[in-house]
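K.L.:
Following is a predicted model, sequence given first.
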Amino acid sequence: MFIKQLYTGCLSEAAYYIESNGEAAVIDPMRDTEEYIVLAKERNAVIKYIFETHFHADFVSGHIDLSKATGAPIVYGPDTKADFEVHIAADGEIFALGEVTIKVLHTPGHTLESTCYLLNDETGKANAVFTGDTLFVGDVGRPDLAQDGNTLTVADLAAMLYDSLQAKIVPLPNDVIVYPAHGPGSSCGKNLGPQTQSTIGEEKQNNYALKAATKHEFIQAVTDGITAPPNYFPINAKINKEGYESLEGILQKALLPLSIAAFKKLVTGDDIIILDTRNANVFMHGFVPGAISIGLEGRFAEWAGTLLPFNKTLALVTDNGQEKETAIRLARVGFQNFAGYLKGGFEAWQKAGEQIDIIIDVDADEVAMDIPFDERMVVIDVRKEPEFADGHIKDAVNIPLETLVDPASMANIEETDNLYVYCAGGYRSVIACSLLKREGIHNLRNINGGYAAVKDTEGIETEKSVAALN
């Protein structure tokens with residue numbers, strides 16, 4: 001028996017490859033499926049099943065493309081309603097894989113079709129459970145993504161999740177390995193632990209949700225403090241349920257090289273978004289006017305899904321050689337509309353003498369010198385509200401980056417304001433500056449190094465409280 005976790009860090013997503021005696025199964029495959037096909041070929045195995053734990057909301061699964069490439073059926077648990085061919089397994093159904101078996105454990109709560117898969121080894125002993133978004137390391141799946149109109153509340157789903165865990169997961173032997181669908185940083189739970197695997201025993205001992213004494217305590221614990229899900233979650237869930245264009249077809253559009261003339265003509269349209277994926281520090285010093293910066297070096301796909309409209313077409317500006325990587329990572333969160341990429345990148349644009357824009361940056365000591373004298377200074381903190389509450393520049397205004405997609409978030413910014421923008425380290429603030437500039441707000445400066453740089457700088461007073469612009 002062979003098990004491999006295939007982890008995608010920028011999305012905190014774990015897919016799994018299981019193999020026994022030349023037969024393999026893939027659980028929760030990522031959008032780009034080549035890695036699974038290559039792995040099976042290298043190990044002289046045939047992919048026999050594709051198991052899905054639920055309709056994912058935070059990424060687009062590779063289930064359809066992988067099934068077409070291998071002929072393997074797509075398996076979902078009970079209560080699944082999909083618009084493409086799937087095998088809907090019964091609770092308790094057993095699938096043979098070489099000399100091992102995989103048992104279906106229907107665990108509704110995160111979603112109605114949520115299902116875990118119990119792997120029994122060659123002797124029939126329970127070895128591992130693939131828990132999807134039902135159970136994480138240190139957390140459980142959020143119960144607010146599958147409300148059925150007015151018939152199900154968040155509390156209803158949390159109660160279902162409690163029953164599922166108590167009936168199907170908690171009774172498993174303590175040494176059973178827990179393989180969840182996500183690790184730290186994922187928005188599918190509240191506070192996932194730092195590891196990407198655990199055991200049933202460790203989770204019963206350490207997971208706050210499993211330590212709840214009653215169902216009522218569990219519901220309170222898992223529903224308290226849930227923040228709104230990212231904007232792209234319902235879009236991705238819908239794509240996973242209804243189907244999608246093949247990744248190959250998407251790449252054909254995204255990897256179309258555009259001359260400077262063609263690019264200029266294209267981006268004059270209202271339905272085009274220029275997305276620049278170069279490093280934030282590089283972007284600041286020169287970019288195509290109107291471009292939005294989301295650098296590949298950060299949690300790129302999540303921010304793209306949160307900030308970019310899905311009903312518009314993307315024109316890409318990337319580092320040379322990063323065009324395909326950019327397109328694949330965008331496709332992972334549901335983007336399918338592409339016009340192509342700027343051939344030669346920004347360097348070609350600049351060399352041709354085309355108009356460029358920049359973001360002025362200032363160091364922390366410069367900010368300290370400006371504070372006493374600039375009466376029109378407005379400091380904008382684009383971190384999340386809990387980060388802001390833990391400490392921020394005195395009198396700073398909190399406009400979390402994810403809210404900048406709504407022009408109303410900028411409504412109280414005056415033309416005479418001198419804006420100073422910062423985040424934790426600089427990645428998000430550059431994105432924010434590019435969004436502000438796209439809306440015609442150019443009187444701004446990016447604070448280098450973010451709050452990490454300014455919090456201990458002499459002459460910059462910090463405080464702990466919550467403030468908002470609106």
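P.N.:
Okay, I see it. Numbers count the residues shown, from 1 in each chain.

K.L.:
contacts, neighbours, all on C-alpha from now
P.N.:
Fine.

K.L.:
Would you mind listing where this protein has pLDDT under the threshold?
P.N.:
147-150, 466-470 (pLDDT under 70).

K.L.:
Tell me which residue is most central in it.
P.N.:
The centroid of the chain falls nearest to Glu302 when counting by Cα atoms, centre = their mean (3.6 Å).

K.L.:
Which residue, other than its chain neighbours, is closest to that residue?
P.N.:
Sequence neighbours aside, Leu11 is the residue nearest to Glu302 in space, at 6.8 Å (criterion: Cα to Cα, 6 or more residues apart in numbering).

K.L.:
List the buried residues in the helix or strand hosting the residue nearest to the centre of the chain.
P.N.:
Following DSSP states H and E, the helix or strand that holds Glu302 is helix 300-307. Using 16 or more other Cα atoms under 10 Å as the burial criterion, the residues of helix 300-307 that qualify are 300-307.

K.L.:
Ok, stretch 356-367 next?
P.N.:
357-361, 364, 367.

K.L.:
which residues sit against it?
P.N.:
Contacts of stretch 356-367 from elsewhere in the structure, counted by Cα atoms under 8 Å, 6 or more residues apart in numbering, are 283-289, 350, 433-434, 444-449, 453-454, 457-460.

K.L.:
Of these, which belong to helices?
P.N.:
Under the assignment DSSP state H, the contacts of stretch 356-367 contribute 283, 350, 433-434, 453-454 to helices.

K.L.:
Just name the closest of those to Lys81, please.
P.N.:
Closest approach between the ones in helices among the contacts of stretch 356-367 and Lys81, by Cα to Cα: Ser434, at 40.6 Å.

K.L.:
before we move on, back to that, tell me which strands and helices the helix holding Glu302 is in contact with?
P.N.:
Contacts defined by 3 or more Cα pairs under 8 Å, 6 or more residues apart in numbering; DSSP states H and E place helix 300-307 against helix 323-331.

K.L.:
Any chance of the buried residues of helix 300-307 in JSON lines with distance to Arg428 as columns?
P.N.:
Formatted as JSON lines, the buried residues of helix 300-307 follow (distance: Cα to Cα, whole Å):
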{"residue": "Phe300", "distance to Arg428": "10"}
{"residue": "Ala301", "distance to Arg428": "13"}
{"residue": "Glu302", "distance to Arg428": "12"}
{"residue": "Trp303", "distance to Arg428": "9"}
{"residue": "Ala304", "distance to Arg428": "12"}
{"residue": "Gly305", "distance to Arg428": "14"}
{"residue": "Thr306", "distance to Arg428": "12"}
{"residue": "Leu307", "distance to Arg428": "11"}
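
K.L.:
Which of those sits closest to Glu203?
P.N.:
Nearest to Glu203, judged by Cα to Cα, of these is Glu302 at 27.4 Å.

K.L.:
right, and the closest one touches Gly334 too?
P.N.:
No: assessed by Cα atoms under 8 Å, Glu302 is found out of contact with Gly334, at 10.7 Å.

K.L.:
Spell out which residues make up each domain of the chain.
P.N.:
Listed by automatic domain parsing, the domain ranges of the chain are 2-234, 246-351, 360-463.

K.L.:
Can you give the distance of the shortest one from its chain's centre?
P.N.:
Relative to the mean C-alpha coordinate of its chain, domain 360-463 is positioned 24 Å out (Cα atoms, centre = their mean, to the nearest Å).

K.L.:
what about that domain, how long is it end to end?
P.N.:
In terms of Cα to Cα, to the nearest Å, the two terminal residues of domain 360-463 are separated by 26 Å.
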